[in-house]
Each structure stands twice: as structure tokens, then as C-alpha cells.
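**Q** Sequence and predicted structure are below.
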Amino acid sequence: PPPAEQAPPVTETELPATPLATETPVPSASPGPEPRVSIVAFLPDPVGDDNAEWITLANDGPSEALLSGWSIDDKEGGSKPYPLASLTVPAKGRVVIPRSDSKIILNNDTDEVRLFGPDGLVRMTVPYTDPPEGRVYAFLDDAWTWMPPANGATMTGLETKVTAASETQPSVTAAEEPAV
């Protein structure tokens, strides 16, 4: 039989450093600064009906924060994330998200509340363990603490000062009572 033809050896060849196509930069609109929104309080184990749970978000920014693309959730593997698609938090204001809206079930033993940015990355995580029944977990005097029951919609007695969303924890301090 005739000898088999051998394929030429394969060698690496350097290609010239010229682009195959010319790219023209396309100007894009700046999305602006990221909203300064953080988790500031939540009620994981209300007295009686657990459907009374809620999560409070605060905006320390100078303008309202439209949270399109943002979401909140509990610990990985728990409830489904709740999209904040049409939620707007007023400048220097708060928004309470009741469990009846979010469908997020906060465990009565160990869990966490997480805030996700529009890119799907976690902006803030607040873990907790063994919540006392009927107590609110809130950030006061530079620390997370269990507080007596409060109305989630008003959170009276709190003055909210939230850090930038890229930081891990908000700063919330006790409000001064007006002189009477």
C-alpha cells in the first residue's frame, strides 16, 4: 500500500495586533448615583399572627429613590425575592413593606433580611437569631438592637440616618423629643 500522507505540524502563529473591526464609542446616559437605601428595621416575630411581619427601608438621599430592579429577600433558600419594581422611597423617608405584600416569611429562630441592587448583588444583609416575640429589630446608636413593639408604618421615636447603599449597615439614632 502507498504511504499515508502526514498532516503538516500545527504551529502557533502570532496574529498582528490590529483590531478586526473598528469600534466607535457610543455615548450613554449616566444613570446617576445609586440610591442611598438601607434596611433600618423589621418585625420577624409579631405577637399572635405572623402575617403581621414587616420590613422597613429608609432613604437618606436628597431625592426620592425609585427602586426599579431592586429586591428584598430573606436567607438563601427561604422565601422568593420580592421585587421592588414600582416602589419609591421619599427623600429622607421610609417605606414599610408588610408581609402581605412581600410574601417574605421571616423565621422565628434564625434568618436574615437582604437588600439586592438592580444588578442582583447584595447591598445589605441583616442576620438575626432568636427574635423576642413582638420586638422590632432596628439599628439604633450604631448597633442593631431589639426594641419594644412599634408601629412599622411610623417607627415613632426613631430618626433615620442611612449610610450609602454600598456600605453594610445604616446608622439610626434616637430622635430628640420636641420641647413642650
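**A** Thanks, I have the structure now.

**Q** Was I right to think residue 60 contacts residue 36?
**A** Yes - counting by Cβ atoms under 8 Å, residue 36 is a contact partner of residue 60 at 4.6 Å. Glycine gets a C-beta too; all of them are placed from N, C-alpha and C.

**Q** Could you give the number of residues near residue 55?
**A** A count of neighbours around residue 55, defined by other Cβ atoms under 10 Å, yields 27.

**Q** Which secondary structure element is home to it?
**A** Assessed by DSSP states H and E, residue 55 sits inside strand 54-59.

**Q** so residue 82 bridges to which residues?
**A** residue 72 (DSSP bridges).

**Q** The residue nearest to residue 84 when sequence neighbours are not counted: neighbouring residues, count only.
**A** Leaving aside its chain neighbours, residue 84 sits nearest to residue 67 (3.9 Å; criterion: Cβ to Cβ, 6 or more residues apart in numbering). Using other Cβ under 10 Å, residue 67 has 23 other residues around it.

**Q** give the contact list for the closest residue to residue 85 other than its chain neighbours.
**A** Excluding its sequence neighbours, the residue lying closest to residue 85 (Cβ to Cβ, 6+ apart) is residue 68, at 5.7 Å. With contacts defined as Cβ atoms under 8 Å, 6 or more residues apart in numbering, residue 68 is in contact with 84, 85, 86, 118.

**Q** Which residue is the nearest non-sequential neighbour of the last one?
**A** The spatial neighbour of residue 118 that comes closest, neighbours along the chain excluded (Cβ to Cβ, 6+ apart), is residue 69 at 3.0 Å.
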